[in-house]
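Colleague: Just to be clear, the model below is a prediction. Sequence and coordinates:
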Amino acid sequence: MGSYRQQPGASKSEVRKDGKRVAGKQVFPPPGSGGSEPTMRPRDLDFIPETVGGKEPKPAGDHIHDRDRTGTIVGKPIPLVDSNAKVTGQAWYGDDVRLPGELIGKILRSPHHYARIKSIDTSRVEALPGVVAVSTGQDAPNRFGVLPVTKDEHAMAVEKVRHVGDLVACVAAVDEATAIEALSLFDIEWEELEPVFDPKKGLEDHDEPIHWRGKYHLARTNVQKRVFQEFGDRSLVNSPHASSHGSWTMLGVHHGFTEPHAVVAHWDPNGRLQLYTPQQVPHYTHRALSTVLDVPMHQINVVRTFVGGGFGGKSDPFPHEMCAAILARKSGRPVRITFDREEVYWINRGRHPSHIDVKMTADTEGRISSFDIDALIDGGGFASFGHVTSYYNGVLATAPYELGSFHYTGARVWTNKPASGAMRGHGAVNTRCAVEVGLDEMAESMNVDPIDLRLANLLPPHSRTISGFRITSNGMREALERVREGSNWDEKFRQMPLGKGIGIGCGFFISGSGLPIHWDPKNFPHATVHIQVDMDGGVTVHTGAADIGQGSTTAVAQVVAEVLALPIEMVHVRSHESDTSPVDLGSYSSRVTFMNANAAIRAAIGIRDQLLKAAWEMLGYHPNVLVLNDRRIYYKHDPAIGVSYLEALHKAQADTGALIARGAYRSPPMGGVHKGAAAGLAPAYSFSAYVAEVDVDVETGLVSCTNVWAAHDCGKALNPLAVKGQIIGSCHMGLGQVLTEKMVYGRTGHLQNANLLEYKIPSVHEMPHVEAIIVESSDPEGPFGAKEAGEGPLLPILPAVVNAVYDAIGVRLRDLPLTPDVVHAGIQKHLKKSGLDDEEQMEPPRLTHGPLQSVLVARGDEHRERDRLRQRSEDTSAYVNGVLFGFDPDRPLSEQVDGWREADEPLPEQLAELGFAGRAWLKKEQRHMEDDA
Amino acid sequence: MLMPPFELHHPTTVAEAVELAASLMEQNEAFDWVAGGTDVLPNYKWRINPKPHVISLAGIEEAHHLSASEIGCMVPLSSLTAANGVHPLLVEAAAKIASSLIRKSATVGGNLCLDTRCFWYNQSEDWRRSIDWCHKADCGTGADCRVIPNQNTLCVATYQGDLAPNFMVLDASVVLIGPEGQRTLPLSEFYELDGMKKNVLQPGEFLLKVELPSDAKKRRGCYQKLRVRESWDFPEAGIAASWLPGDATTLKVASTALESIPRLHDEQVEVHLAEGELDPVGLAVLVQKSVKPVNNTALPPRYRRSMVKTLTKRALRGILD
Amino acid sequence: MVGEEHVSMIPAPEGKRWAATVNGRPFEVLAPSNAVLLDVLRDKVGTLGVKRGCDLGTCGCCTVMIDGVPKLSCLTLAGQVQGAAIITVEGLSDGAHLAPIQTCFATHGGSQCGFCTPGFLIASQALLNENENPTRDEIACAIEGNLCRCTGYQQIIDSIEAAAAIHRGDAEAAAPASDPHPDPHPSGPEEPTMPPGHAK
């Protein structure tokens, strides 16, 4: 598959000015040029890649991995390397692991929202024939949690249950019927406690807070985490030219992966635990198992099965994994636990139900002078990833726009509901929706086109956000321009008849987390990859990256195949077992392609170097002038001189034994020093812009999304087929959240729709046609320029649809999801307010450009050139958020204006005017409770 | 999800089925009928009131009979097609039921005898225990209804079948058969108010087939179904209308998914026509006023009720045009 | 009183002889009277490619062909399909040769995490058996009972269209997706170039 044409025969050498002779440059004619035959010349040189002689300039400049390109496979749409297993039914997921002598485990779950367990009597359970092991919380007193700072979970309830469905005890029996029967035989004495369901009540003091954090507990509230972040010149907020204010209620949504959780545990005769689980992050499970079971990590082997969809919902270490291990230890036999769909909802970890309040202002030049965000998020019974979510809800709104000032208050509260956690677009989705709809509203009040408002306020490539994030590649502008063009926006926006609308939304997301959760990146790398090469040239890559269907295994295989110029069939990725995989943080934060592929490239280069060294000894040419391609190593200036890949390999193996190499990736030091500065830091960021078209039935309120133009900047599409799959899939999931999906807790606090009939994931009929547009900004640090494409593409669909609904009917809706009853109620309210009797009399909004429009267009045009130069590294001057407002990027901003703030705690005088979630700052931590006395 | 234990029986004739039912009743053994299973089996897996015996109707040849005027209870919904000579209104309604996969198994009889639904009821045993049960499956606790609290005499679970209102406006009758013999009655009299009683089927009796009068094929009909997704979802409200084109006196309107039973709105039609010409909006308002949905399906009752007007209007316009 | 607080799951009914043809081979296993086809296929016959997603008929992961008709095995009583010819995902390929529908799901991105794939494959193969020239709408109706959370269905429909073309003889089997995205700027093993000077 190599793309170099090897032309035998040496070319003419040249004499340099200093008299030395150098080898002449080999000219590689473009393929299909047919030598001197004029009729065979290609018609369009633009379609020929530069590798093989094409003349296309690189729009984003040179890339550090350019020299590692062999034209083998990167950038080509290829099937996932594990697709054969999937299409033949041989992909083994959690419940498909069947070990000899297995027992079936079942979990007893709490029937109460909040209760203290006074006693558990298991004697009747133990007596049931066929029951082999029984376990309760007493067997596993150690706490665990995905984040080291918030370990608040037990394998099973130790003292209290915190939501209906919380784990109480478990049994392992010879078959499922016996295990289910056994669950009815536990005798438990409960003391019911007063539950809390409304997150707003979480800020109040309670007799019995759901968790107790000791001296760090905030008064007696259920606040798990509060955040305050303020940056910029707050004086800009006063006397705005335009503003928007919206209060949002977003219900919780669930990942809805098709594979329910399942786990198989077995202790081998050497006392080692083998745990088979569909995990996105096997390493955290590994750590948590070690803590809970009290055995060293090397006594545990976590085997990741195929994962039937994760989306963040399989990234926590789960209590049922502990239960299976405990039952297997007690029984001495393999134990398999598989969830019913209802249990999947009870373990949850879905997107936080949120109350979000967003205010924003713009000045007379159409610059965004402030974002004020207040987010109260409902964490349910446990912390999970919530500590991070609390930050993400604010700080991931600091780009892609240049802001005059930024103010965020957030609080995450515990309630007696299944725990919320990380879900695709972690923490950023809800706020992003509120912000983008706010911009739409502000554009309307300024009589400007919302796309032009955005284009005139974008941060350029290679800049710094107001909160200190380092932005490198940035394809935001191109994404916006391409969806504008593709959707024919200028002909449609504010011009369509009642019931038809079009809307815009943008997105910004991290590509990997700059700070690994469990260690300091200065000490350990984020990702490590090992490669070994077989006698016949086959390559085995060991990585801990968890393929959850997004194709990370394929991406890793691709970059190795690319560097070594091998067919991808010769590259085998082993990523299933912690015994053989290097430690890896797994699949979350959209980190895998960026970090693991980077590590894999380095490891592959290590192999290549050894091969080149062997060839050096065989050919006498220094590796610097040797090329590895087409399973051959040859002299760069005369490809006829060379050895085969296998010859070099065997030479290297004869010299050093096995051919192995390792590669690692760590992100560069980044970010500010304020508290929370690490949240949202990433070595690269993805950008996206979507335009959505909707039909609204004004009588019923039914919204159907008909078309989406989805542009996503993924840096470089290693596999365009997979990138498009991610974009379209993200659209589907986001569309579910904005139109139909919600976790419904009724008046009694019970989750009423814990099944796939009532939890309404869009079917094929609800899916619009999605035009997936890949934008490639070639990230300077990404593997071959790549960035994430798995989560970021979800963000823009929500605001695009909400804005399109407004364009269609002229009603702003801020309660998600926009189920027909919500839209209908909004329309009826609007009719009443406008004194209309009939839906058909409503008038959709129209736009007449105001004077600001031309200012914005001119600025956008100017910035296009600015961005182009910076993207291509032709302009390497510093750029920080604030330059648009006239600041000098080379001097600290705080020196340039008096009111400049960079704060992680409110000033005393601010306390009175904080938003709802911000009121958590009125409470004192236990350790400061007596300070006033 | 494990299926609770039961004994499955496979009679091959109507007589055998009736005899089996009679003998089980004699032995005081409870049983359920199963046709396609798409309604019964989820409830069994949730352990809602499973019985020790289940009689499958699948082996009864007579139950598979399908013609323009007679549709056996075992006819799968996917067979209700124009090619099989089925009335276009039924074809339209059937195509909107659940998903194409479910329609391959689900049957006409099963859809007509659909159990009433409620989000306090269609849940697992563990879930229902966490709310201390409900009136519809009180498990001996005498639990209150969770929808209309402080009472345990009326079940307001919602009937969410799609075919019933359509058969009603085509003036269909159902043939029931049981140990006491066979009887035929209009479908509109088949249902009986209360979410637990549901219909007039006596112990041991089952719905064998639906019969359509000969003039049914001249009727022009329209079915309007309100649902969130175009697959899987039960109707949140459904209105069927039909008439012999041009003759307002033959107009029939029926609703489903609004109460514990589907309902024929002859009374409202009569009142409306007594006042003058047929006016879709005017009649729609009357139909709307006659139904009282409660909060036990996916969408709130207030919204569903206000949609009755829109759906009725659209259904009427659909047959008038 | 209606129902019981705890429905006892034991004793499980006695296993009875259950016979059917699965993927062209006759099978005879012991299955209790209340057995659901999905459980029999997974636990007794061993066709683990039939997936359990929701167990209630709302995800389509357990779809199998029963006498040529795609049905949800989670809502089918094994006793009602005695003697039937059942085809699961394992039975789609001809020995080592993948069926066009399988190849196309791989080459056109119809499968991401793969859990729903067996159900989709059966539903779409059933469609292609009846209709070799389906429109995108007809394809959508055929797969409306299958839930996919990864792909957003679009590439699944693409895959089925491509497989239909192979069935009709319009396209060669396993034609890879034509490159819809020509690589704009690759480059080869040239002299090392400096990375952009922005990594501050």
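Modeller: Good, I have the coordinates.
Colleague: List the contacts of the closest residue to B:Ser260 other than its chain neighbours.
Modeller: Nearest residue to B:Ser260, sequence neighbours excluded (Cβ to Cβ, 6 or more residues apart in numbering or on different chains): B:Gly195, at 4.2 Å. For every residue, glycine as well, the C-beta is placed using N, CA and C. B:Gly195 sits next to B:116, B:118, B:136, B:154-159, B:260 when contact means Cβ atoms under 8 Å, 6 or more residues apart in numbering or on different chains.
Colleague: again, 6 Å this time
Modeller: B:116, B:155-157, B:260 (Cβ atoms under 6 Å, 6 or more residues apart in numbering or on different chains).
Colleague: Of those residues - the most surrounded one?
Modeller: In terms of neighbour count, B:Ala157 stands highest of the contacts of B:Gly195 at 27 neighbours, by other Cβ atoms under 10 Å in any protein chain shown.
Colleague: that older thread, from A:Glu758, how far out is the residue nearest to B:Ser260?
Modeller: Applying Cβ to Cβ, to the nearest Å, the value for B:Gly195 to A:Glu758 is 18 Å.
Colleague: One more: A:His863?
Modeller: For A:His863, the distance to A:Glu758 (Cβ to Cβ) stands at 48 Å.
Colleague: Spatially, what comes nearest to the residue most central in space within chain C if we skip its sequence neighbours?
Modeller: Residue closest to the mean C-alpha point of chain C, counted by Cα atoms, centre = their mean, is C:Pro118 at 1.8 Å. In this structure, C:Pro118 finds its nearest non-sequential neighbour in C:Val89, 3.6 Å apart by Cβ to Cβ, 6+ apart.
Colleague: rewinding a little: got the contact list for the residue nearest to the centre of chain C?
Modeller: Contacts of C:Pro118 by Cβ under 6 Å, 6+ apart are A:89, C:49, C:51, C:89.
Colleague: Can you verify my assumption that the first one contacts C:Gly91?
Modeller: Which is A:Gly89. No. In this structure A:Gly89 lies outside contact range of C:Gly91 using Cβ atoms under 6 Å: 9.0 Å.
Colleague: What is the burial count for A:Met496?
Modeller: 18.
Colleague: make that A:Ser873, sorry
Modeller: 18.
Colleague: Surely it is in contact with A:Gly61?
Modeller: Yes. Counting by Cβ under 6 Å, A:Ser873 touches A:Gly61, with 4.9 Å between them.
Colleague: now do the same end-to-end measure for stretch A:77-85.
Modeller: Length of stretch A:77-85, first residue to last, Cα to Cα, to the nearest Å: 19 Å.
Colleague: which intervals of chain C have sub-threshold pLDDT?
Modeller: C:172-200 (pLDDT under 70).
Colleague: what residues does it put near chain B?
Modeller: C:1-5, C:7, C:12-13, C:33-34, C:36, C:55-58, C:60, C:69, C:71-72, C:75, C:79-80, C:141, C:144-145 (Cβ under 6 Å from any Cβ of the partner chain).
Colleague: So which of those sit within helices?
Modeller: In this view, those that belong to helices under DSSP state H are C:Cys141.
Colleague: Just the buried ones from the residues of chain C next to chain B, in PyMOL syntax?
Modeller: Of the residues of chain C next to chain B, the buried ones go into a single PyMOL selection, burial set by 16 or more other Cβ atoms under 10 Å in any protein chain shown:
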select buried, chain C and resi 2+3+7+12+13+33+34+36+55+56+57+58+60+71+72+75+79+80+141+144+145
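Colleague: ok, which of the residues of chain C next to chain B also contact chain A?
Modeller: With Cβ under 6 Å from any Cβ as the criterion, the residues of chain C next to chain B include C:12, C:58, C:144 near chain A.
Colleague: Can you name the residue of chain C nearest chain B?
Modeller: C:Gly145 (3.1 Å; Cβ to the nearest Cβ).
Colleague: I figured the residue nearest to C:Pro118 hits C:Leu121, correct?
Modeller: Yes. Counting by Cβ under 6 Å, C:Val89 does reach C:Leu121; the two are 5.4 Å apart.
Colleague: which of those two has more neighbours?
Modeller: C:Leu121 (32 against 29).
Colleague: would that one count as being in a helix?
Modeller: Yes. The assignment for C:Leu121 by DSSP: H, G, I helix; E, B strand; the rest coil puts it in a helix.
Colleague: measure it to C:Asn129 for me?
Modeller: Taking Cβ to Cβ, one finds C:Leu121 at 12 Å from C:Asn129.
Colleague: just B:Lys309 next, same as before
Modeller: For B:Lys309 relative to C:Asn129 (Cβ to Cβ), the value is 45 Å.
Colleague: Likewise for A:Leu147?
Modeller: 51 Å.
Colleague: So for these two, which sits in the more crowded spot?
Modeller: Set side by side, A:Leu147 and C:Asn129 show more neighbours around A:Leu147, with 17 against 12, by other Cβ under 10 Å.
Colleague: Which residue lies closest in space to the more buried one, excluding its sequence neighbours?
Modeller: Closest to A:Leu147 by Cβ to Cβ, 6+ apart is A:His387, at 5.4 Å.
Colleague: Ok, B:Cys145 next?
Modeller: B:Cys145's closest residue in space is B:His135 (Cβ to Cβ, 6+ apart), at 4.2 Å.
Colleague: Phi first, then psi, for the residue nearest to C:Pro118.
Modeller: The phi/psi pair for C:Val89 (degrees, to the nearest 10) reads phi -60, psi -30.
Colleague: With C:Gly169 instead?
Modeller: C:Gly169 adopts backbone torsions of phi 90, psi 10, taken as degrees, to the nearest 10.
Colleague: Likewise for A:Thr706?
Modeller: phi -100, psi -40.
Colleague: try the one 3 residues further on
Modeller: In terms of degrees, to the nearest 10, the main-chain angles of A:Trp709 are phi -110, psi 120.
Colleague: what ranges do the strands span in chain C?
Modeller: C:15-22, C:25-32, C:63-66, C:69-72, C:85-87 (DSSP state E).
Colleague: Make a markdown table out of these and add distance to A:Gln896.
Modeller: Listed next are the strands of chain C as a markdown table, based on distance: least, Cβ to Cβ, whole Å:
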| stretch | distance to A:Gln896 |
| --- | --- |
| strand C:15-22 | 76 |
| strand C:25-32 | 79 |
| strand C:63-66 | 65 |
| strand C:69-72 | 67 |
| strand C:85-87 | 73 |
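Colleague: Any idea which of the ones you listed gets closest to A:Ala912?
Modeller: strand C:69-72 (59.2 Å; Cβ to Cβ).
Colleague: export that closest one as PDB, just CAs?
Modeller: What follows is strand C:69-72, C-alpha atoms only, in PDB (Å, rounded to 0.1, in the frame of the first residue of the first chain):
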ATOM      1  CA  VAL C  69     -39.300 -13.800   9.300                       C
ATOM      2  CA  PRO C  70     -37.200 -11.600  11.600                       C
ATOM      3  CA  LYS C  71     -38.600 -11.700  15.100                       C
ATOM      4  CA  LEU C  72     -37.600 -10.600  18.600                       C
END
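Colleague: Endpoint to endpoint, stretch A:760-770 covers what distance?
Modeller: 20 Å.
Colleague: Can you name the residues in contact with it?
Modeller: A:256, A:705-708, A:710, A:728, A:731-732, A:735-736, A:740-741, B:228-231, C:140, C:143-144, C:152-154.
Colleague: Which of these are buried? Put it as a PyMOL command.
Modeller: Command for PyMOL that selects the buried part of the contacts of stretch A:760-770, burial taken from 16+ other Cβ under 10 Å:
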select buried, (chain A and resi 256+705+707+708+710+728+731+732+735+736+740+741) or (chain B and resi 228+229+230+231) or (chain C and resi 140+143+144+152+153+154)
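Colleague: any residues in contact with both of C:Val89 and C:Leu121?
Modeller: What both C:Val89 and C:Leu121 touch, as defined by Cβ under 6 Å, 6+ apart, is an empty set.
Colleague: in stretch A:209-229, what's buried?
Modeller: A:209-210, A:217-229.
Colleague: element containing A:Ile73, please.
Modeller: For A:Ile73, there is no host helix or strand (DSSP states H and E).
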